[in-house]
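Asks: give me a model of this one.
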Amino acid sequence: MPSDSPDGSPHLTWRGLLLLGASGGLLPSPSAFLVLLTRLLTGKVGIALAMVAAFGSGMALTLAGVGLVVLRGRDALLDRVSRSRTLRTWTSRVPLCAASAVVAGGTVASAVAAGRLLSP
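Replies: Residues are numbered from 1 along each chain as shown. Down below sits the predicted model:
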């Protein structure tokens, strides 16, 4: 029972998962840049390119793996929610509780910061 968007298409699909991994692998990484720069300065261009390719592949595989875990977890959670009245009730309340916690934390952090700024 996947959660669908208003147009009927699933929110997270295998195609989206592959695109997530590919886009993550293409993003420049500061660590990969430092490795590339270090290897280029030592004159080892081939090793530099191989290491940057390894960084990109590792990032793509990591993002795709996390996405796969999210897909499997979503399906398992939706299956359990559909069978449990208590989970159905709390599923609608969790976003409000999370938002309230974020607002409360931000308010406390702002009050602490304001107190430190205003104290002599």
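Asks: what is the helix or strand of the chain with the lowest mean pLDDT packed up against?
Replies: Least confident helix or strand, the chain: helix 14-26 with a mean of 71, by mean pLDDT, DSSP states H and E. With contacts taken as 3 or more Cβ pairs under 8 Å, 6 or more residues apart in numbering; DSSP states H and E, helix 14-26 sits against helix 45-83. Where you see a C-beta, it was placed from the backbone N, CA and C, and this is true even at glycine.
Asks: return the set of buried residues in the helix it packs on.
Replies: Ala48, Met51, Val52, Phe55, Gly56, Met59, Ala60, Leu63, Ala64, Gly67, Leu71, Val81 (16 or more other Cβ atoms under 10 Å).
Asks: could you do stretch 35-42 as well?
Replies: Under 16+ other Cβ under 10 Å, the buried positions of stretch 35-42 are Val35, Leu36, Arg39.
Asks: centre of the chain to the least confident helix or strand of the chain, how far?
Replies: 12 Å (Cα atoms, centre = their mean, to the nearest Å).
Asks: what's the first helix or strand after that helix?
Replies: Of the helices and strands lying after helix 14-26 in sequence (DSSP states H and E), the nearest is helix 30-41.
Asks: pull the residues that contact that following helix.
Replies: Val45, Ile47, Ala48, Leu49, Met51, Val52, Phe55, Gly56 (Cβ atoms under 8 Å, 6 or more residues apart in numbering).
Asks: make a markdown table from these and add pLDDT and distance to Ala111 to it.
Replies: Below are the contacts of helix 30-41 laid out as a markdown table (pLDDT from 0 to 100; distance: Cβ to Cβ, whole Å):
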| residue | pLDDT | distance to Ala111 |
| --- | --- | --- |
| Val45 | 85 | 54 |
| Ile47 | 85 | 52 |
| Ala48 | 83 | 49 |
| Leu49 | 85 | 51 |
| Met51 | 84 | 47 |
| Val52 | 82 | 45 |
| Phe55 | 82 | 42 |
| Gly56 | 80 | 43 |
